[in-house]
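In: Predicted coordinates and the sequence they were generated for:
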Amino acid sequence: DTEVTQTPKHLVMGMTNKKSLKCEQHMGHRAMYWYKQKAKKPPELMFVYSYEKLSINESVPSRFSPECPNSSLLNLHLHALQPEDSALYLCASSQWDRNTGELFFGEGSRLTVL
Amino acid sequence: DQQVKQNSPSLSVQEGRISILNCDYTNSMFDYFLWYKKYPAEGPTFLISISSIKDKNEDGRFTVFLNKSAKHLSLHIVPSQPGDSAVYFCAAISSGSARQLTFGSGTQLTVLP
């Protein structure tokens, strides 16, 4: 099983809503990532979890709140988002001790903020 | 300040010919380079990588070349197939403890039958 699964695939929310994106992997990877990708732009790193602890936060606004309940799950809680937050949100995982950048990405969650 | 640059947003080649995708970088601390391939509605998938101690790495139809003095790398696909049509992202990792990927902006490759 070499998959990273993300749900939902599509999400439309208003600026006052609270929603969550979910990510799951069963490859035994100990690092998990959230990336944001806008159209025709490269993926931009948001958060990194290593051994279920937040290790990197790339100065992401607090309206995005990550959570790693266990080594297989990664959530991204969304609250009071802005229309400019509309993007593809990609989850990824890797074997942390390898540090070779070979991330396994999910298909992404396409978020639209109205 | 883009540290990894892919100056060609798109490239079209005929099936069976060679595809050459280029990537330039500015950060001399980068010591590991990767290419990712992305189909529409899918996440990027790892394709091939190269360490800065090498100048070439080959995997089947895919070869990556690294020119450290020019801070340039390229991905060669030979022969190109229609199924290779996708967006190709160049990415780099810098030495040090953080070791996170920095992506280029991508090149859309279209292989024409």
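Out: Perfect, I can see it now. Quick caveat, the model's predicted, so the values are computed rather than measured. Residues are numbered from 1 along each chain as shown, chains lettered A, B, ... in the order given.
In: Any residue of the lowest-mean-pLDDT helix or strand in chain B touching chain A?
Out: Lowest on mean pLDDT, DSSP states H and E among the helices and strands of chain B sits strand B:101-103, with a mean of 89. Yes. Residues of strand B:101-103 contacting chain A under CB under 8 Å from any CB of the partner chain: B:L101, B:F103. Using the backbone N, CA and C atoms, a C-beta is placed for each residue, glycine as well.
In: on contacts alone, who are the packing partners of that strand?
Out: strand B:30-38, strand B:86-94 (3 or more CB pairs under 8 Å, 6 or more residues apart in numbering or on different chains; DSSP states H and E).
In: what separates that strand from the chain centre, distance-wise?
Out: 11 Å (CA atoms, centre = their mean, to the nearest Å).
In: which outside residues touch that strand?
Out: A:42-45, A:101, A:103, B:3-4, B:27, B:30, B:34, B:36, B:89-94 (CB atoms under 8 Å, 6 or more residues apart in numbering or on different chains).
In: repeat that with 10 Å
Out: A:33, A:35, A:37, A:41-45, A:92, A:94, A:101-103, B:2-4, B:6, B:25, B:27, B:30, B:32, B:34, B:36, B:44, B:89-94 (CB atoms under 10 Å, 6 or more residues apart in numbering or on different chains).
In: need the next SSE after it, C-terminal direction.
Out: strand B:107-112 (DSSP states H and E).
In: quick one, that following strand and strand B:86-94 angle?
Out: Orientation of strand B:107-112 against strand B:86-94 (axes from the mean of the first three to the mean of the last three CA atoms, to 10 degrees) gives an angle of 150 degrees.
In: Going by neighbour count, which residues in strand B:107-112 are buried?
Out: B:T107, B:L109, B:V111 (16 or more other CB atoms under 10 Å in any protein chain shown).
In: Local confidence estimate at the first one?
Out: It refers to B:T107. Note for B:T107: predicted pLDDT of 97.
In: ok, it touching B:D84?
Out: No. Judged on CB atoms under 10 Å, B:T107 makes no contact with B:D84 at a distance of 11.8 Å.
In: from the buried residues of strand B:107-112, which is closest to chain A?
Out: B:T107 (11.1 Å; CB to the nearest CB).
In: which ones are touching the residue nearest the centre of chain A?
Out: For chain A, the residue nearest the mean C-alpha position is A:W34 (2.9 Å; CA atoms, centre = their mean). Neighbouring residues of A:W34 by CB under 10 Å, 6+ apart: A:21, A:23, A:43-49, A:57-58, A:60, A:64, A:66, A:74-76, A:89-92.
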